[in-house]
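Peer 1: what follows is a predicted structure for the sequence shown.
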Amino acid sequence: MIKVNCSKEKSKKNSEKKKEKEVLFLKFSEILQKIENTSSRLEKQNILSKYISEIIKIDETAVISILFMCSASVFSSFENLEMNIGEKTIQQICAECCGFEVKTLKKEFIKVGDYANIVYENKNKKNIKKFFDGSNKQENLGVVEVFEMLRQLCKVQGAKSGEFKKMLVIDKLRRASPLECKFIIRLLDAKLKIGLALQIILISFAMAVDIDPDIIKDAYNRRPDFIYLIKTTFKNKNCLSKDIYHLCTGIPLKPMLASPATSVQMVFDKLNEFVAEYKYDGERIQIHSFFDNNEQKVEEENKVFTEHIKNDDIRPDNIQKDWFGVGVNTQQKDDIKSAKQNKNILYNKLFSRNSENISEKYDDIAKIKFHEKSYILDGEVVAYKGNEIQPFQILATRKRKLEANKESVQKVGVCIFVFDILYFDGKELLDLPLKERINILITNFEEIPGVLQFTKSINSNHQIEEINDFFNKACRENCEGLVLKDLSAKYKPSHRSNKWIKLKKDYIENIGDSLDLVVVGAFFGKGKRTGKYGGFLLACYNEEEDQFEPVCKLGTGFSDENLETFSKNLKIISNDEVEKYKISRQSKILPDVYVDPSYVWEIKAASFSLSPLYKAGEKEVGKEKGISLRFPRFLKEREDKSKEMATTTKQIVDMFYLQENNVFSDKKTEHSSEDMWN
């Protein structure tokens, strides 16, 4: 008689039933492939929203993994946790998958331009079949399982962490299909290359849960945290409205932005009662101060997936403590433990406009308690010495990491000029008019000279001549110009609003603002620039098409050191890869080489012009010509901006009409109030 272990059989059946309900990574990969195969933004939204709707019926928690991976990330930007998988490690992983030597893989990459596609295209070859027939058989991978593995990579530390990361990844790749391998490898590189912008992801989620997309976008801008967004939505699915979403101290908002103008008269024509403030040449900063109970709340909300990260079987027990750390959360946990004994402890965090935690960069400021109550302040940090504002280039010498930053903190003093308060003593202030927010700020906070000061300002009771004089004074004091704000304006995160108008000193009667453009191509240098790049092709970001549209060729404003650095750091991509990197080829100006569009530069130009050589804004202008820049010059690299935060096509069209008509009108500024998604 054959004996049957009933408990094992029952466990096996339960496991099989669980597998049937599990959200499979293969299905997710097939959806990503469908999205890659279409260039239509609306079709991408429909594909993704339909898929999310299906997943909600199976496992709501899996939606968190899906939204993170759709954005090619595994943690929110404010958590400062990255996989740190270098190109060399990716090459080694892909070479092993394909049965190649690394040098063979590199040659193949020159032709194909994508490591993920090399693995995918070699799926039927014997060498890759041998890899897949190795110690682990192919089996169904879950979406959450892959996501947890990617999160593990962010936590691995130690001298041999690179080797251990390879082991973690290869363990999953052995069990994956070639299509799954393709997207796992792309996720390692934090680039899906399928034209899936954040805006599309959020709209798709909104469609799936049947809520106004503007509510979801606004909620994310107030609190850019997928875990909170999804959990709050599902928790309140019977009463979805904008009132269920709240900001949180310790998690950065997307900052409100200003629209450009080219004269003071324009501001008087547009705004009624306003305040004119100095526009400082520094780095946008948010100061968050909060008590321990809020920190525990944030930790608990983000625990949903970190608690699932377990020790992997492929890691030897005797080395797991050395290789698997908890990163930045160690100090937070110690702080929370301490705070239980003292409920009055306040924690400070500083964030950039890109939602990155920059507390270590400005550690000297982060240590200071500016008030006994919790708050969120909005301002600009500048290099400061002897009661004078120093050039931005000096501020840029501050390092991001504390250990590397000790010397620069001593050399480069900083001061924060605060111009807004968004949260105070448990109350959100975003919906209050600016006039009331300013009153709360100056009533409850005291200036510390050379450390924290209020932005210099005057109100609109002054005449145009006095505002002009104030503008000139700001420029003499090393500021960029003025920001003029409607005193009735609410604070709208991520909006570039006509209620805030910036007036900058360069080319004041021309384009009115500098542009943040993405480098998409390079031209080989001649003469003194032989051996390095001598010029570059720059592009704006078309949000509607989710692609980068060239607007000018740039060759001035660089130092020799700039050119050496850029020639070394810019990563060449193959011509076959251009579309996958979302670079438009409509321009008639073709570079010698295309490059990975990951660098954002601040550019100034004399004016805009129409050109048959460029196609940016062609649909809006309607003259079979696009918009280009006259006499562009390089100002500085914008390390604080991602490529999606570059100046948009809509902004350029808006500024072009502003230049042409020299007035604000509803028709010409219809693009200005759009979400800027930064």
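Peer 2: Great, that's in hand.

Peer 1: which ones are touching residue 393?
Peer 2: residue 636 (CB atoms under 8 Å, 6 or more residues apart in numbering). (Glycine included, C-beta is placed from N, CA and C.)

Peer 1: please apply the same query to residue 626.
Peer 2: Taking CB under 8 Å, 6+ apart, we find residue 626 in contact with 549, 551, 586-587, 610-618.

Peer 1: who's it bridged to?
Peer 2: residue 611 (DSSP bridges).

Peer 1: list the helices and strands the helix or strand containing residue 180 packs on?
Peer 2: Residue 180 is part of helix 178-188 when elements are defined by DSSP states H and E. Where contact means 3 or more CB pairs under 8 Å, 6 or more residues apart in numbering; DSSP states H and E, helix 178-188 is packed against helix 25-37, helix 87-98, helix 115-121, helix 143-155, helix 161-174.

Peer 1: just put these in CSV and tack on distance to residue 415.
Peer 2: Converted to CSV, those look like this (distance: least, CB to CB, whole Å):
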stretch, distance to residue 415
helix 25-37, 46
helix 87-98, 39
helix 115-121, 45
helix 143-155, 34
helix 161-174, 38
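
Peer 1: my read: residue 122 touches residue 98, true?
Peer 2: Yes. Residue 122 lies in contact with residue 98 (CB atoms under 8 Å); the separation is 4.8 Å.

Peer 1: returning to what we had before: in strands, which of the contacts of residue 626 appear?
Peer 2: The strands, defined by DSSP state E, take in 549, 551, 610-611 from the contacts of residue 626.

Peer 1: ok, and the most crowded of those?
Peer 2: Most neighbours among these, by other CB atoms under 10 Å: residue 551, with 31 neighbours.

Peer 1: list the contacts for that residue?
Peer 2: 517, 538-540, 614, 616, 626-629, 652 are the contacts of residue 551 under CB under 8 Å, 6+ apart.

Peer 1: in space, what's closest to it - neighbours in sequence excluded?
Peer 2: Counting by CB to CB, 6 or more residues apart in numbering, residue 551 lies nearest to residue 616, which is 4.9 Å off, once chain neighbours are set aside.

Peer 1: burial of the one you found, as a residue count?
Peer 2: Residue 616 has 28 nearby residues by other CB under 10 Å.

Peer 1: any low-confidence regions in the stretch 201-350 of the chain?
Peer 2: Confidence mapping of the stretch 201-350 of the chain against pLDDT under 70 gives the ranges 292-344.

Peer 1: quick one, helices of it?
Peer 2: Under the criterion DSSP state H, counting those that start in this stretch, the stretch 201-350 of the chain contains helices at 213-222, 226-235, 264-270, 292-301, 303-306, 320-323, 329-339.

Peer 1: circling back: quick one: closest of the helices and strands packed on helix 178-188 to residue 494.
Peer 2: Nearest to residue 494, of all those, is helix 25-37, at 23.9 Å by CB to CB.

Peer 1: can you give me the buried ones in the closest one?
Peer 2: By 16 or more other CB atoms under 10 Å, the buried positions in helix 25-37 come out as 25-26, 28-32, 35-36.

Peer 1: in JSON lines, list the residues you listed along with distance to residue 267.
Peer 2: Shown next, in JSON lines, are these (distance: CB to CB, whole Å):
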{"residue": "25", "distance to residue 267": "53"}
{"residue": "26", "distance to residue 267": "56"}
{"residue": "28", "distance to residue 267": "50"}
{"residue": "29", "distance to residue 267": "52"}
{"residue": "30", "distance to residue 267": "53"}
{"residue": "31", "distance to residue 267": "48"}
{"residue": "32", "distance to residue 267": "46"}
{"residue": "35", "distance to residue 267": "43"}
{"residue": "36", "distance to residue 267": "45"}
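
Peer 1: which of those residues lies closest to residue 45?
Peer 2: residue 35 (9.5 Å).

Peer 1: if we can go back for a sec, what's the most buried one of the helices and strands packed on helix 178-188?
Peer 2: helix 115-121 (a mean of 22; mean count of other CB atoms under 10 Å).

Peer 1: give me the contact list for the helix holding residue 180.
Peer 2: So helix 178-188 is contacted by 25-26, 28-30, 32-33, 69, 72, 74, 83, 85, 90, 93-94, 97, 115-117, 119-120, 122-123, 128, 141, 146, 150, 153, 169, 172-173, 176, 192-193 (CB under 8 Å, 6+ apart).

Peer 1: on the three-state scheme, residue 418 is what?
Peer 2: The local conformation at residue 418, judged by DSSP: H, G, I helix; E, B strand; the rest coil, is strand.

Peer 1: am I right that it is in contact with residue 456?
Peer 2: No. Applying CB under 8 Å as the test, residue 418 and residue 456 come out as separate, 11.5 Å apart.

Peer 1: more neighbours: which of those two?
Peer 2: residue 418 (21 against 17).

Peer 1: list the contacts of the more buried one.
Peer 2: 287, 377-379, 441, 445, 452-455.

Peer 1: which ones among those map onto strands?
Peer 2: Reading strands off these with DSSP E, I get 287, 377-379, 452-454.

Peer 1: go through the buried residues of helix 25-37 and name the one nearest residue 502.
Peer 2: residue 35 (36.4 Å).

Peer 1: check contacts around the closest one.
Peer 2: Counting by CB under 8 Å, 6+ apart, residue 35 has contacts 44, 47-48, 194-196.

Peer 1: need the residues you listed in JSON lines with secondary structure and neighbour count, can you?
Peer 2: What follows is the contacts of residue 35, written out as JSON lines (DSSP: H, G, I helix; E, B strand; the rest coil; neighbours: other CB atoms under 10 Å):
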{"residue": "44", "secondary structure": "helix", "neighbour count": "24"}
{"residue": "47", "secondary structure": "helix", "neighbour count": "20"}
{"residue": "48", "secondary structure": "helix", "neighbour count": "25"}
{"residue": "194", "secondary structure": "coil", "neighbour count": "21"}
{"residue": "195", "secondary structure": "coil", "neighbour count": "20"}
{"residue": "196", "secondary structure": "coil", "neighbour count": "22"}
